[in-house]
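Asker: Make a model of this:
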Amino acid sequence: MTWTDFIPSEALARGLDGARRRRRAVIGAAARLAATGLLAGVLAACAAPPSGEFPSIGFENRPVIALDVAEVAVDRQYRPSTDPSNAEGVLPESPSDIIARWADQRLEPVAAVGRATVTIQEASLIEEALARTSGLKGVFTIDQAQRYRMRLAVRIDAANPDTGVDGYVRSVAERSTTVAENATVAEREQALFDLTDKTVRDLDAQLEANLRSNLARLVRN
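Answerer: The predicted structure is shown next:
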């Protein structure tokens, strides 16, 4: 055996130990990169807008309400709150936009003079964190994690100077829903879309009823 064939046991041990350390370092670096990527994905998911494809909420299938005015205007008085509980940003479209669409699709001016103003006083969505079950029982319990409350308030002022008729109506629609802690992103988005659709339909029904009862002299059909 020559010197090149002979490797002392101590040197062999040191070489194996170094190889192990290098392998552990590579595995650790890979794990950190994976964790970083996973964390970035989670943060991106939390901040991302709705990912699902939802139709615009419209009123084309509803008959128009003919008003004895020459124009219909929309006043977006409501401004979203900067409070962290405000959750309108997670919706596929803002409630204010849907109300403006309602005014455009449902109210039809049929006179030569006069004006109706649809004022959006509130179109909010508030998120509230709910208490979770604690202790061992909480491990086996699926809690409702958040409650979402939507509130829509609209006032309509209308006047026709030729007939001397004027007046206003105001309607408020409110609904809420909860989302389970294990809900998927798609399930959460669907729950919020359904909440919006139902609340807007409530508002639609209330406003039409109020117009026909309290501003009947300005409704032509």
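
Asker: contacts, neighbours, all on C-alpha from now
Answerer: Noted.

Asker: okay, and for this structure, where does confidence drop off?
Answerer: The chain contains residues with pLDDT under 70 at 1-52.

Asker: quick one, phi/psi of the residue most central in space within the chain?
Answerer: Residue closest to the average C-alpha location in the chain (C-alpha atoms, centre = their mean): residue 91, at 2.3 Å. Main-chain torsions, residue 91, degrees, to the nearest 10: phi -80, psi 150.

Asker: ok, it touching residue 191?
Answerer: No: when contacts are counted by C-alpha atoms under 8 Å, residue 91 is not listed as touching residue 191 (10.3 Å).

Asker: and residue 124, what does it touch?
Answerer: The contact partners of residue 124, by C-alpha atoms under 8 Å, 6 or more residues apart in numbering, come to 80, 86-88, 95, 149-152.

Asker: So which of those residues are in helices?
Answerer: residue 95 (DSSP state H).

Asker: Restricted to buried residues, select the contacts of residue 124 in PyMOL.
Answerer: Selection of buried members from those for PyMOL, criterion 16 or more other C-alpha atoms under 10 Å:
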select buried, resi 86+87+88+95+149+150+151+152
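
Asker: what would the contacts of residue 124 look like in JSON lines with distance to residue 57?
Answerer: Output for these, formatted as JSON lines (distance: C-alpha to C-alpha, whole Å):
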{"residue": "80", "distance to residue 57": "20"}
{"residue": "86", "distance to residue 57": "21"}
{"residue": "87", "distance to residue 57": "18"}
{"residue": "88", "distance to residue 57": "15"}
{"residue": "95", "distance to residue 57": "10"}
{"residue": "149", "distance to residue 57": "18"}
{"residue": "150", "distance to residue 57": "15"}
{"residue": "151", "distance to residue 57": "17"}
{"residue": "152", "distance to residue 57": "15"}
